[in-house]
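Novice: sequence and computational prediction follow.
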Amino acid sequence: MKKLLWIAIALVGAFAIGGLALHRGESINAMWILVAAACVYAIGYRLYSAWLAATVLTLDDKRITPAIRINDGRDFVPTNRWVVFGHHFAAIAGPGPLIGPTLAAQFGYLPGTLWILIGAVLGGCVQDMTVLFLSTRRNGRSLGQMARDELGPVGGYAAMLGTLVIMVILIAVLGLVVVNAMRHSPWGTSTVFATIPIAVLVGLYMRNIRPGRVLEASIIGVALLLLAVGGGGWVDGHPVVREWFNLDAVTLSWFVIGYGFIAAVLPVWLLLAPRDYLSTFLKLGTVILLAIAVVVLRPEIRMPAMTQFIDGSGPIFGGALFPFVFITIACGAISGFHALVSSGTTPKLIGNERDIRLIGYGSMMLESGVAIMAMIAATLLEPGVFFAINSSPGVVGTTAEAAVATISGWGFPVTVEQMQLLATQMGESTLFARTGGAPSLAVGMASIFSSAFGQHMMALWYHFAIMFEAVFILTTLDAGTRVGRFMLQDALSHIWPKMGQTSWYPSVLMSSALIVAGWGYFLYIGVIDPNGGINILWPLFGISNQLLAGIALCICTGILVKQGKIRYAWVTGLPLAWLTVVTTVATWQKVVSDDVRIGFLAAANDIADKVAAGTMSEAQVAVAKQLIFNQRLDAVLVILLTLILWIVIADTARVCWRVVRGLPVLPSSETPAQVAMAQT
């Protein structure tokens, strides 16, 4: 009966995916996407992850984990599996699964949906679970440490350098996104601020007040979190109190920088783990509510399966379907940032190896589900409205009339009156050119929620969605900062061995200050420079994320081969090969393309030519040098990071060749097994 059940699930999933792939012409119901995703995830977790756990990785629930063996009360702390699951999911689920699918919807709903499903089950979930397992078996070592210990100095130091540079870029972009989402939003800002003392209270409750009472702490925390969300609406409506939280971008950037430092130095049980655990309730609650609304309403997808913009002429970002859909959608399918969390905070919290499957594979699968819901929310909008919100004035025109004329000319009709009515319903003055993905996603979510739970609550749902996105991103930023601190401590240990002691407080303070200063500088520059700065580094977010995933999969493949599991090397080797092709092609196009909307150097030269020709205003000329520098910096960074990936690939191939030939290689850095005593 079980076999028949899973055969039925497979057939339903295949039918749903076939319907999505072959359907053309009339709009399709969102339930097709939801059913396809549910079947793919069910089969992936029940069958593929179980096979990985039992056969490829061989999890051992009797083996003592580093959280129990070291247990220093600060970083290594055995933690309830559901708290770790909440922390890990909250840490990895940043802007990627929300913003990436929304932006990639310019290609249509089909390419992004297929990549999210296939990429996650066969790539992202496998990477997260494997890295988490390998790090747990090696005392929670970072990705760079494992590369150095298992591959050798060349691949190891290249991986350490690459991951550290990529980490600074990723956290800076995360900070910029969260600042833009919370800027002049008293409701969202007050709610996000409130999660900090609530998390501290829950951490103290579970550790000191009522140890082990996870359910009690969860109920208290969720109740306070809901109160904070409701209180945010009161704050937003109070003429005096709202001004306390009505902060500009510069002020918010300093708050974010300060929070990043505090989150990195405090014990993980006091702020990071309970805060991420609690924010998971908000995230999952919202996503589940969104899924229920989709099931109840069964709305029609209004975006075509594929648009004419697959040729690279898209108004939101330049670049053809291949390779840029695989770069734009990173976290929802496969993300290198996850490997840093899986080899950073999470392996130091796991109390039993059997939890690795749930936490590694399961949480990534859940994030992929978030990406599917984001794709649905974005593609439910009228295409004309979607492009009006996400297209910049430089593409569609600086006036509302020009924008609607341009977009309607693409075959996606929209009117000024339609956009003005929508803005009024959302409580905004305008929705034109609200680029970045977050506003259009919030509009899509608000439309679904209001249709299911009351049209008069449209503005409330819109601002709730904006706050929801900010919380999503901030939880990734704090975990990323802590992981960056671990990486920097490891790098500095080669200069001063004492710095490698993760529990030595002077090392904690110094390395935390350095990593926060690194990404904080770029965040501040991006915030104060509305014409460029870190905003120009956004294209690096997707490319560097996938490059980092390639580095992580290299390390996993090399270790599997060294362990005598060469027949299973395809598990990580195939996703590695795909990402290598995608990122290398994307890098080539971003560097050599003569299209100013794609090539970094082409954009820099275009600005320089306009300055020389005297066609720019005085204000534009004032920032032109900075813009030119940033574009050229992008080109240098993307070339450097791609070269690092190929260096790691070459070193991994060298190690694998020596293993196959029976030549000596570095010994395994896996910690000798210690088996727990039988418990009654």
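Specialist: Received the coordinates, thanks.

Novice: residue ranges for the helices of the stretch 351-500 of the chain, please.
Specialist: For the stretch 351-500 of the chain, the helices defined by DSSP state H, counting those that start in this stretch cover 355-356, 363-379, 383-390, 393-396, 400-409, 416-425, 438-453, 458-492.

Novice: make JSON lines out of the ones you listed and add mean neighbour count, distance to residue 234 and mean pLDDT.
Specialist: C-beta here means a position set from N, CA and C on the backbone, and glycine is covered the same way. Formatted as JSON lines, the helices of the stretch 351-500 of the chain follow (neighbours: other Cβ atoms under 10 Å; distance: least, Cβ to Cβ, whole Å; pLDDT from 0 to 100):
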{"stretch": "helix 355-356", "mean neighbour count": "28", "distance to residue 234": "39", "mean pLDDT": "96"}
{"stretch": "helix 363-379", "mean neighbour count": "28", "distance to residue 234": "27", "mean pLDDT": "92"}
{"stretch": "helix 383-390", "mean neighbour count": "26", "distance to residue 234": "29", "mean pLDDT": "90"}
{"stretch": "helix 393-396", "mean neighbour count": "16", "distance to residue 234": "36", "mean pLDDT": "78"}
{"stretch": "helix 400-409", "mean neighbour count": "17", "distance to residue 234": "34", "mean pLDDT": "91"}
{"stretch": "helix 416-425", "mean neighbour count": "16", "distance to residue 234": "22", "mean pLDDT": "88"}
{"stretch": "helix 438-453", "mean neighbour count": "23", "distance to residue 234": "20", "mean pLDDT": "82"}
{"stretch": "helix 458-492", "mean neighbour count": "25", "distance to residue 234": "12", "mean pLDDT": "75"}
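
Novice: residues touching the nearest residue to residue 389 once chain neighbours are set aside, list them.
Specialist: What sits nearest to residue 389 in space, not counting adjacent residues and going by Cβ to Cβ, 6 or more residues apart in numbering, is residue 440, at 4.3 Å. Counting by Cβ atoms under 8 Å, 6 or more residues apart in numbering, residue 440 touches 102, 378, 381, 386, 389, 390, 434.

Novice: go again with 10 Å.
Specialist: 99, 102-103, 105, 316, 377-378, 381, 385-390, 431, 434 (Cβ atoms under 10 Å, 6 or more residues apart in numbering).

Novice: closest one of these to residue 34?
Specialist: residue 377 (12.0 Å; Cβ to Cβ).

Novice: out of the helices of the stretch 351-500 of the chain, flag the one nearest residue 260.
Specialist: Using Cβ to Cβ, the helices of the stretch 351-500 of the chain put helix 458-492 closest to residue 260, at 4.2 Å.

Novice: so the closest one versus helix 363-379, what angle?
Specialist: 140 degrees (axes from the mean of the first three to the mean of the last three Cα atoms, to 10 degrees).

Novice: after helix 458-492, next one along is what?
Specialist: Where DSSP states H and E defines the elements, the next helix or strand beyond helix 458-492 is helix 505-528.

Novice: and that following helix, what does it pack onto?
Specialist: helix 153-182, helix 249-265, helix 458-492, helix 618-661 (3 or more Cβ pairs under 10 Å, 6 or more residues apart in numbering; DSSP states H and E).

Novice: those: lowest mean pLDDT?
Specialist: Mean pLDDT values for these show the minimum at helix 458-492, a mean of 75.

Novice: only C-alpha atoms, please: export stretch 197-208 in CSV.
Specialist: Taking Å, rounded to 0.1, in the frame of the first residue of the first chain, the C-alpha atoms of stretch 197-208 are listed here in CSV:
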residue,chain,number,x,y,z
PRO,A,197,14.1,41.6,23.5
ILE,A,198,11.5,38.9,23.0
ALA,A,199,14.2,36.6,21.7
VAL,A,200,16.4,37.3,24.8
LEU,A,201,13.5,36.6,27.1
VAL,A,202,12.8,33.3,25.3
GLY,A,203,16.5,32.3,25.4
LEU,A,204,16.7,33.0,29.2
TYR,A,205,13.4,31.2,29.7
MET,A,206,14.6,28.0,28.0
ARG,A,207,18.1,28.0,29.6
ASN,A,208,17.7,29.5,33.1
